[in-house]
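> Need a 3D model of the following:
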Amino acid sequence: MLACTYGKGLDLHGREKTVFRLVRLVVPICLVVSVVISLPSLAQGEEPDPRQGKHLYEYYCAVCHGVSGKGDGLNADSLGDVHPTDLTDSAIDKLDDEEIYETIEGGGAAIDISYYMPPWGSVFSPEQINDLVAYIRTLSEENGTKLSDVVRFVDLKKTGDEKCLVCHSKEATSLRPIGPNIGHEGSKLNKEWLTRFLKQPERLRPIGYMPFSKAKMPNFYFTDAELDALVAYLMTLKDAGINSSVLTGWDPTDSAEIEKGEFLFIEQYACDGCHKRSADGEGGVVGPELSYALERIRPEWLFYWIKNPQAIRPDSPMPNFNIPDDEIRSLLAYLYSISGNASAARTVANEAMPDPEQLKKGKKLVETKNCMGCHMIDSFNSQIDRGNTAHADEDASEEGNEG
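Modelled structure (predicted):
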């Protein structure tokens with residue numbers, strides 16, 4: 001089933017062989033999620049829907065396992081000595097549904113195999129995992145049954161605000177745009193970087209904001225005056241749920257924290273399965289290159305993003321590892337160390353409000369350039385609104401109310 005029995009995270013200290021466990025590995029790299037309940041929707045008498053599972057698979061898993069399930073996805077060659085499972089192999093037929101469910105649910109750490117299979121238990125509902133298991137069953141070249149129906153976004157079940165809002169916005173009838181929500185740029189981005197980017201956009205994610213889309217923002221050839229107005233307006237779009245107090249006392253130059261963060265990044269969470277640390281370095285192609293990400297993104301926003309990506313972007317393909325706060329700070333220290341510029345670790349400052357006429361001009365540009373054709377401006381992806389962190393709850397009680 002697996003091309004190699006060694007790999008990052010097989011054992012945090014010795015990296016010993018775990019061949020006897022590998023027969024249980026069904027989706028070692030698949031970017032999907034579950035919760036800690038075994039097959040609950042089956043127990044409730046609901047039949048899993050492989051058509052729903054197909055969409056989830058193509059959005060989250062195909063980047064490593066390949067569209068056909070043969071383990072040949074775009075990211076498959078970026079994982080060192082670990083290789084994604086061939087889900088079309090007849091060996092998959094020998095596994096029962098509970099084994100497949102457990103592997104998706106807990107990831108590699110839960111069953112002592114490669115950490116390149118992340119735990120996604122904080123994103124998908126149990127029903128969605130069962131749908132995914134049902135779809136995996138169709139991939140077997142020997143016993144699988146192919147699905148004839150095309151899966152469309154509108155076919156997806158909507159599970160409510162408390163469940164996964166995969167590819168859907170807060171409104172039950174709306175699809176998420178192909179570009180990111182720009183409703184919190186003032187809490188997320190460094191102003192200088194945003195100005196440079198809008199002047200000459202470039203692709204930030206090798207496979208696109210939506211997986212496999214390879215989407216890239218067009219160049220609108222803004223004048224300097226237009227850029228000033230547009231950036232001024234976007235920087236007023238802030239998320240009150242992102243609070244710099246989470247980094248109180250944090251020292252990005254602390255060598256012990258950097259060393260701890262390096263271990264967490266490489267060994268415990270295998271972040272390089274999806275990210276490169278530098279433009280010419282090794283690593284996955286799923287997420288942005290990290291040294292450049294640190295140049296554009298504020299550290300407190302990164303803290304909340306690592307803590308719960310789906311609280312900020314519900315359809316994010318980044319795993320939620322439920323990382324403790326102290327480990328997040330260590331990871332940030334390491335990330336800023338590889339960027340070579342710890343001074344870039346700036347927090348949100350109180351900035352003077354721009355001229356109202358300039359803001360009006362910037363808002364008008366968003367409308368006339370049809371930015372909302374690819375983006376949305378919405379504060380629903382808020383740490384406070386989604387009740388994501390204790391920090392956010394405390395901040396809300398102190399300040400009154402978004403990522």
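> how about the helices in the stretch 1-150 of the chain?
Taking DSSP state H, counting those that start in this stretch as the test, the helices found in the stretch 1-150 of the chain are 19-22, 40-43, 50-56, 62-65, 97-110, 126-138.
> The nearest residue to Asp86 once chain neighbours are set aside: how many residues sit nearby?
In space, and not counting its chain neighbours, Asp86 is closest to Gly71: 4.4 Å by C-beta to C-beta, 6 or more residues apart in numbering. In this view, the C-beta of every residue, glycine as well, is placed from N, C-alpha and C. Gly71 has 21 neighbours, counted by other C-beta atoms under 10 Å.
> Now do the same for Gly71: its pLDDT.
We have a pLDDT of 89 for Gly71.
> roughly how far apart are it and Ala62?
In this view, Gly71 and Ala62 are 11 Å apart by C-beta to C-beta, to the nearest Å.
> how near is Asn308 to His55?
Distance from Asn308 to His55, by C-beta to C-beta: 23 Å.
> that older thread, I'd say the residue nearest to Asp86 and His83 touch.
Yes - shown here, Gly71 and His83 form a contact pair, counting by C-beta atoms under 8 Å, at 6.1 Å.
> distance of Gly60 from Glu300?
I think there's a mix-up here, since residue 60 is Tyr and not Gly. Tyr60 is 27 Å from Glu300, where distance means C-beta to C-beta.
> next one: Met353
21 Å.
> Compare these two (neighbour count), which wins?
Comparing Met353 with Glu300 by other C-beta under 10 Å, the one with more neighbours is Glu300, at 23 against 9.
> Check the burial of the closest residue to Asn320 other than its chain neighbours by counting its neighbours.
Nearest non-adjacent residue to Asn320, counting by C-beta to C-beta, 6+ apart: Ser122, 4.1 Å away. Neighbour count for Ser122, taken as other C-beta under 10 Å: 18.
> Repeat that for Pro180.
21.
> Need the three-state assignment for the residue lying closest to it once chain neighbours are set aside.
The spatially closest residue to Pro180, leaving aside those adjacent along the chain, is Tyr209, at 5.9 Å (C-beta to C-beta, 6+ apart). Classification of Tyr209 using DSSP: H, G, I helix; E, B strand; the rest coil returns coil.
> Return the distance of Glu289 relative to Glu202.
11 Å.
> if you count what's nearby, which of these two comes out ahead?
In this view Glu289 and Glu202 are compared by other C-beta under 10 Å, and Glu289 has more residues nearby, 19 against 10.
> Check which helix or strand the residue nearest to the spatial centre of the chain maps to.
Closest residue to the average C-alpha location of the chain: Met318 at 2.0 Å, with C-alpha atoms, centre = their mean. Using DSSP states H and E, Met318 maps to neither a helix nor a strand.
> can you check Lys360 too?
helix 356-368.
> mean confidence for that helix?
For helix 356-368, mean pLDDT rounds to 93.
> So which other helices or strands are in contact with that helix?
For helix 356-368, the elements it packs on are helix 224-234, judged by 3 or more C-beta pairs under 8 Å, 6 or more residues apart in numbering; DSSP states H and E.
> quick one: contacts of the helix it packs on?
With C-beta atoms under 8 Å, 6 or more residues apart in numbering as the test, helix 224-234 has contacts from 182, 185-186, 191, 194-195, 198-199, 222, 354-355, 358-359, 361-363, 365-366.
> Could you list the buried residues of it?
Judged by neighbour count using 16 or more other C-beta atoms under 10 Å, the buried positions of helix 224-234 are 226-234.
> Name the next helix or strand downstream of that helix, please.
Downstream of helix 224-234 (by DSSP H and E), the next one is helix 255-263.
> ok, and for the helix or strand following that next one, which residues are buried?
Later in the chain than helix 255-263, the nearest helix or strand by DSSP H and E is helix 290-296. Neighbour counts over helix 290-296 (16+ other C-beta under 10 Å) mark 290-294, 296 as buried.
> Ok, stretch 182-199 next?
Applying 16+ other C-beta under 10 Å to stretch 182-199 flags 182-190, 194-195, 198-199 as buried.
> again with stretch 104-123
Neighbour-count burial for stretch 104-123 [16+ other C-beta under 10 Å]: 104-109, 111, 113-123.
> can you check stretch 245-255 too?
Under the neighbour-count criterion of 16+ other C-beta under 10 Å, stretch 245-255 has 246-247, 250, 252, 254 buried.
> go on, stretch 273-281?
Neighbour counts over stretch 273-281 (16+ other C-beta under 10 Å) mark 273-277 as buried.
> Closest one to Ile178 out of these, please.
Minimum distance to Ile178 across the buried residues of stretch 273-281 is 20.0 Å, recorded for Cys274 (C-beta to C-beta).
> who touches the closest one in this structure?
Applying C-beta under 8 Å, 6+ apart, we find Cys274 in contact with 75, 283-284, 286-287, 318.
> Does Ile323 touch Leu331 like I think?
Yes - proximity of Ile323 to Leu331 meets the contact threshold set by C-beta under 8 Å, at 7.4 Å.
> Overlap in contacts, those two.
In contact with both Ile323 and Leu331: 264, 269, 306, using C-beta under 8 Å, 6+ apart.
> before we move on, the earlier item: for the nearest residue to the residue nearest to the centre of the chain once chain neighbours are set aside, grab the count of nearby residues.
Spatial nearest neighbour of Met318, excluding adjacent residues (C-beta to C-beta, 6+ apart): Pro309 at 4.3 Å. As a burial measure, Pro309 scores 21 neighbours (other C-beta under 10 Å).
> Ok, the one 4 residues further on next?
The local packing of Arg313 (other C-beta under 10 Å) involves 17 other residues.
> For Ala215, see how far away it is.
The spacing between Arg313 and Ala215, counted by C-beta to C-beta, is 15 Å.
> my read: Met353 touches Thr236, true?
Yes - using C-beta under 8 Å, Met353 is in contact with Thr236, at 7.5 Å.
> Any stretches of the chain with poor pLDDT?
Residue ranges of the chain with pLDDT under 70: 1-45, 111, 148-177, 212-214, 340-352, 380-403.
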